[in-house]
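*Asks:* Coordinates for the following, if possible.
(one chain, ligands or ions: 1)
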Amino acid sequence: MKVVHTIEELRDQLRGQLRVAFVPTMGNLHEGHLALMKTARQHGDPVVASIFVNRLQFGPNEDFDRYPRTLPADIEKLERDRNVYVLFAPDEKEMYPEPQNFRVQPPADLGGILEGEFRPGFFTGVSTVVLKLLSCVQPRVAVFGKKDYQQLMVVRAMCRQFQLPVEIVPQETVRAEDGLALSSRNGYLTPQERAEAPMLYATLRRLQARLHEGVRDTALLEREAIATLTERGWKVDYVAVRRQRDLLPPTQEEMEREEPLVALAAAKLGTTRLIDNLEL
Ligand code: PAF
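*Replies:* Here you go, the predicted model:
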């Protein structure tokens with residue numbers, strides 16, 4: 001695996017390559033990331049990964065400074081895994097040599113809801129860096145995890161609207177045996193919090209079971225899930241039942257017609273904010 005830190009070196013490595021498959025990450029790699037790399041390998045060649053902790057997508061009170069930066073261990077994992085040909089690991093000066101005044105503003109009805117409501121500016125930061133990374137790597141395919149369900153939809157919509165010549169491939173969420181979705185932020189959890197953390201997914205599974213029992217009132221389903229988590233000490237930002245196609249709330253008629261739905265949740269355990277989702 002070649003590790004490059006500049007856009008010039010990256011372009012040198014990729015000259016003439018028309019089937020690049022790309023996986024953008026913020027590092028601190030775990031099995032979920034490695035699954036993205038494996039999927040990338042099935043969709044193109046060579047596989048390029050990036051590691052860049054993108055300041056633009058963190059709010060002023062978020063964890064940019066303490067976000068785990070583990071480049072040597074990440075390189076070792078990728079070397080062992082043998083799916084990645086080039087790792088692009090730029091520093092901040094390389095990605096943002098001047099203040100990033102041009103930014104991608106996702107539409108409010110997709111980027112301003114759910115995560116966008118609780119993390120203002122998050123999807124602007126994500127879209128801007130993803131556009132820059134796609135412009136640097138120029139892949140034919142890019143792989144994004146479904147764990148960040150709304151991010152995947154924002155990135156897809158951006159690529160469609162800007163007619164970027166890249167196919168966005170989704171990757172199923174990788175979970176620990178107890179159901180907890182793998183995430184770099186799981187490392188912040190204390191042992192007690194780690195033991196409680198699978199309840200987020202278990203609550204979404206319970207919501208799904210209630211839907212299958214015939215409960216069609218989404219507000220009730222959401223209230224029940226929020227109550228379960230709150231009683232156990234979680235601080236819930238949202239539990240929302242939405243249409244898979246655009247993340248808007250389903251109408252009663254759509255509930256009866258079995259519109260494809262997804263339940264999305266974000267909640268804090270201590271100081272750690274976790275998100276998860278379940279296609280219903
Ligand atoms: O999902 C992530 O790790 C980040 O949001 C991404 C897509 C690498 C952009 O910084």
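
*Asks:* Can you point out the buried residues in stretch 173-186?
*Replies:* T173, V174, R175, A176, L180, A181, L182, S183, S184, N186 (16 or more other CB atoms under 10 Å). C-beta: built from backbone N, CA, C; applies to glycine.

*Asks:* Quick one: name the residues of the chain near the ligand.
*Replies:* P24, T25, M26, N54, Q57, V126, V129, V130, D148, Q151 (CB under 6 Å from any ligand atom).

*Asks:* I'd like those as JSON lines, with secondary structure, neighbour count and pLDDT appended.
*Replies:* Formatted as JSON lines, the residues of the chain next to the ligand follow (DSSP: H, G, I helix; E, B strand; the rest coil; neighbours: other CB atoms under 10 Å; pLDDT from 0 to 100):
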{"residue": "P24", "secondary structure": "strand", "neighbour count": "24", "pLDDT": "98"}
{"residue": "T25", "secondary structure": "strand", "neighbour count": "19", "pLDDT": "98"}
{"residue": "M26", "secondary structure": "coil", "neighbour count": "17", "pLDDT": "98"}
{"residue": "N54", "secondary structure": "coil", "neighbour count": "20", "pLDDT": "98"}
{"residue": "Q57", "secondary structure": "helix", "neighbour count": "21", "pLDDT": "98"}
{"residue": "V126", "secondary structure": "helix", "neighbour count": "26", "pLDDT": "98"}
{"residue": "V129", "secondary structure": "helix", "neighbour count": "23", "pLDDT": "98"}
{"residue": "V130", "secondary structure": "helix", "neighbour count": "25", "pLDDT": "98"}
{"residue": "D148", "secondary structure": "helix", "neighbour count": "18", "pLDDT": "98"}
{"residue": "Q151", "secondary structure": "helix", "neighbour count": "21", "pLDDT": "98"}
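
*Asks:* out of those residues, who's nearest T230?
*Replies:* Distance to T230 across those (CB to CB) is lowest for D148, with 23.8 Å.

*Asks:* wait, what's in contact with the residue in the stretch 151-280 of the chain positioned nearest to the ligand?
*Replies:* The nearest approach of the stretch 151-280 of the chain to the ligand comes at Q151, 5.8 Å away (CB to the nearest ligand atom). With contact taken as CB atoms under 8 Å, 6 or more residues apart in numbering, Q151 is in contact with E115, F123, V126, F144.

*Asks:* As TSV, these with secondary structure and distance to F88 would be great.
*Replies:* Listed next are those as TSV, based on DSSP: H, G, I helix; E, B strand; the rest coil; distance: CB to CB, whole Å:
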residue	secondary structure	distance to F88
E115	helix	25
F123	helix	22
V126	helix	17
F144	strand	16
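
*Asks:* Neighbour-wise, which one of those residues leads?
*Replies:* In terms of neighbours by other CB atoms under 10 Å, the contacts of Q151 top out with F123 at 28 neighbours.

*Asks:* Any stretches of the protein with poor pLDDT?
*Replies:* Across the chain, nothing is flagged by pLDDT under 70.

*Asks:* hmm, which two among the buried residues of stretch 173-186 are most spread apart?
*Replies:* For the buried residues of stretch 173-186, with distances taken as CB to CB, the pair at the greatest spread is R175 and S184 (14.7 Å).

*Asks:* Let me know the closest of the contacts of Q151 to the ligand.
*Replies:* Closest approach between the contacts of Q151 and the ligand, by CB to the nearest ligand atom: V126, at 4.8 Å.

*Asks:* Tell me the secondary structure at D276.
*Replies:* What DSSP: H, G, I helix; E, B strand; the rest coil gives for D276 is strand.
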